[in-house]
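> predicted model, plus sequence, below.
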Amino acid sequence: MNVTVRQLRGFVAVAQLSGFSAAATRLHLTQSALSALVRTLEDAIGVPLFERTTRSVKLTDAGRDFLPHAEKMLIDLHRAVAGTRQHAERARGRLVIAVSPTFAWTLLPRLLAQYREDNPDVRVVLRDEATPRQIRRLVQEGEADIGIGPLERGERGWFAIDVLMDDELMLACPAAHPLAARERVAWGELGELPLIGFARDNALEAVIEQSLAASGARLQTLYEVASIATAAALVAQGLGVAILPSYAQQLQLGERIRFRPLVDPVVKRDLCLLRLRDRAMPPAAQRFIEVVLANLRERGSLRAEG
């Protein structure tokens, strides 16, 4: 029997997300490729793992029995790879952080400056162009010691996390825009404003689309960008409005842009510091975690979740 890591990852993703479409997105595969991967696993094991219908995908009894073993095998493999890498990196004093670009440009430099005061010889490697999905993957697979980014509830079983702050969505508009004079703006008041949005596979875009649909607002997307900083810069040039996380206010955009709270409803995500659950942290990484948590504790925004 020849069972591969790719097969196990595919099976676990489908089981955790209860469907091939969402699992394929997580794994950056086409749905047909993922389906074929799972079928080869079922052929190798000799039993069906899922009951497939046109409307749903459910684990069979054999699938439910196999799932915890598959999850444990993946976790053990990740720990073995990460442990070997960490052993080598401890001697070098190396810290790898996976982080979104906006956090890297706004809040992270101050944290690194505080860290550097007592850790002058540590080499810090920033994976600072990572999407939330990539941040989770880099940490999960041991390629990064720590991740900083939004984390969905369904992903939390892999990680030990601390919620650094509430990532509240806000309207970013040009300073001369009529809505800039408002203290707050309801989602339903956005009407058909020209929008600077994000790709459909972007986690932030998914939250925005759900909130717009619930409010009945129908914005026209004129620009599709990958970076929050790019979206804010386009707003500052008067090219449209954008819906951005509150910490984007710390981008250096002068007086050309205004951020206004969005209400009815207030939409928040958790911005988290995450590391692989039950994974021993290298000393360099543990010291950075302590700096981050102490800094956020002083600000009163820290919420530990284990």
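Noted; the coordinates are in hand.
> gap between residue 199 and residue 190?
20 Å (CB to CB, to the nearest Å). Placement of C-beta: from N, CA and C, glycine included.
> is it true that residue 255 touches residue 175?
Yes. Counting by CB atoms under 8 Å, residue 255 touches residue 175, with 5.9 Å between them.
> looking at these two, which is more packed in?
Taking neighbours as other CB atoms under 10 Å, residue 255 and residue 175 compare with residue 175 leading, 15 against 7.
> render the CA-only coordinates of whichever strand or helix holds residue 286 in PDB, please.
Element membership for residue 286, per DSSP states H and E: helix 283-299. Provided in PDB are the C-alpha atoms of helix 283-299 (Å, rounded to 0.1, in the frame of the first residue of the first chain):
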ATOM      1  CA  PRO A 283      14.200  30.500  21.800                       C
ATOM      2  CA  ALA A 284      14.400  33.300  19.200                       C
ATOM      3  CA  ALA A 285      10.700  32.800  18.400                       C
ATOM      4  CA  GLN A 286       9.600  32.500  22.000                       C
ATOM      5  CA  ARG A 287      11.300  35.800  22.900                       C
ATOM      6  CA  PHE A 288       9.500  37.500  20.000                       C
ATOM      7  CA  ILE A 289       6.100  36.100  21.100                       C
ATOM      8  CA  GLU A 290       6.800  37.500  24.600                       C
ATOM      9  CA  VAL A 291       7.500  41.000  23.100                       C
ATOM     10  CA  VAL A 292       4.300  40.900  21.000                       C
ATOM     11  CA  LEU A 293       2.100  39.700  23.900                       C
ATOM     12  CA  ALA A 294       3.600  42.200  26.400                       C
ATOM     13  CA  ASN A 295       3.100  45.100  23.900                       C
ATOM     14  CA  LEU A 296      -0.500  44.100  23.200                       C
ATOM     15  CA  ARG A 297      -1.200  43.500  26.800                       C
ATOM     16  CA  GLU A 298      -0.200  47.100  27.600                       C
ATOM     17  CA  ARG A 299      -2.700  48.200  24.900                       C
END
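> elements contacting that helix?
Under the contact criterion of 3 or more CB pairs under 8 Å, 6 or more residues apart in numbering; DSSP states H and E, helix 283-299 touches helix 61-92, strand 94-99, helix 108-118, strand 146-150, strand 159-174, strand 268-276.
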